[in-house]
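Novice: All I have is the shape, not the residue letters:
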Ligand code: FA5
């Protein structure tokens, strides 16, 4: 009896798997679960088994019956909701839905391109922490407490001495402190400022670059940056060096590229000037050299920090920087 019950269970389970329409379900119900069905007739035989085996086999029969009833209910529900194992009207030869491949965000792509251009010029790549100390972000760069230059940075503070780095320049101090010249490094990464409009975002990317050696001049800086823009924009884009001020470079400059969005005629992106600022740069201030233990009479260097989003705007003719961070796939998929 026990064997016949187990065999019936296995048969019923197998039969259920093969059912693909309502008629099949009804036939199954009549054959296995109906009043005169196989389960009922097997259970009727309980009366003829030995008295001492009856409770155990009765219990087993009930469990098997309940199991088959549950499976039947499940299959019925699946079939009625169109999710049957193999629906009769399902065309298995149809092509499946294609799953699109993901790819890097356009800013990551531009960042990698920028790094590749500088690596081609012999710069090594170093990365540093986004959460930075006040010392490396400001003090080591000749920006002591209460210096007015701190105001330009719109800093997000974590505590009095810890902050989200406002630029990648702390990497100058971190690397110079650790190593002796000659040095030629770039340091790409995220930076943060409380700032937002069509050319500013609160989180953006910079690539810091610096070179320290004997007899480094402003002409070297101009040469490297001109070669960079020529490679990045594949041609001669007008470039201008504007005198500026950074406490950690002397002399300092800001570099603008002719606005590709309006071809230099003036638009809302370039604030009607025909130029878009892409980086700050200069010769490393002797004060910074001294703080990291270099002799400024023996060594000199240049440094620059470029805005990756600005380069990406110019490269692709994007007129609002915030588009990069709205996560609209229709925009992102174009790159
Ligand atoms: C600096 O951050 C300096 N650390 C650059 C530097 C490095 C100067 C080494 C000298 C030597 P500045 O604040 O100008 O400078 O920012 C550099 C570039 O980052 C800007 O030219 C601009 O392209 C970009 N940038 C600045 N603020 C934002 C912002 N909120 N959103 C997007 N890009 C920005």
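Specialist: Arrived safely, thanks for sending. This is a predicted model, so every value here is computed, not measured.
Novice: Distance of residue 276 relative to residue 198?
Specialist: When Cβ to Cβ, to the nearest Å is applied, the distance between residue 276 and residue 198 equals 11 Å. Placement of C-beta: from N, CA and C, glycine included.
Novice: out of those two, which sits in the busier spot?
Specialist: Shown here are residue 276 and residue 198; by other Cβ atoms under 10 Å, residue 276 has more neighbours (22 against 15).
Novice: about what we covered before: so what's in contact with residue 276 and residue 198 at the same time?
Specialist: Residues touching both residue 276 and residue 198 (Cβ atoms under 8 Å, 6 or more residues apart in numbering) are residue 269.
Novice: All the helices of the stretch 101-250 of the chain, residue numbers only.
Specialist: Applying DSSP state H, counting those that start in this stretch to the stretch 101-250 of the chain gives helices spanning 106-120, 134-137, 170-178, 218-232.
Novice: can you redo those helices as a markdown table with distance to residue 251 and mean pLDDT?
Specialist: Formatted as a markdown table, these follow (distance: least, Cβ to Cβ, whole Å; pLDDT from 0 to 100):
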| stretch | distance to residue 251 | mean pLDDT |
| --- | --- | --- |
| helix 106-120 | 22 | 97 |
| helix 134-137 | 22 | 96 |
| helix 170-178 | 17 | 97 |
| helix 218-232 | 7 | 95 |
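Novice: which of those sits most buried?
Specialist: Mean neighbour count (mean count of other Cβ atoms under 10 Å) peaks for helix 170-178 among the helices of the stretch 101-250 of the chain, with a mean of 20.
Novice: List of residues touching that helix?
Specialist: 126, 128, 132, 136-137, 140-141, 183, 185, 187, 189, 208, 210, 212, 248, 284, 288-289, 291-294, 303.
Novice: overlap between those and the residues near the ligand?
Specialist: On the criterion Cβ under 6 Å from any ligand atom, 208, 303 are the entries of those that sit beside the ligand.
Novice: from the contacts of helix 170-178, which would you call buried?
Specialist: Buried members of those, scored by 16 or more other Cβ atoms under 10 Å, are 126, 128, 132, 136-137, 140-141, 183, 185, 187, 189, 208, 210, 212, 248, 284, 288-289, 291-292, 294, 303.
Novice: where along the protein do the strands fall?
Specialist: If DSSP state E is used as the criterion, the strands of the chain fall at 124-125, 131-133, 162-164, 183-192, 203-213, 239-246, 249-258, 275-284, 300-307.
Novice: now, of those, which is deepest in the fold?
Specialist: Highest mean neighbour count among the strands of the chain (mean count of other Cβ under 10 Å): strand 300-307, a mean of 24.
Novice: Paired strands for that one, with orientation please.
Specialist: If you go by DSSP bridges, strand 300-307 pairs up with strand 203-213 (antiparallel), strand 275-284 (antiparallel).
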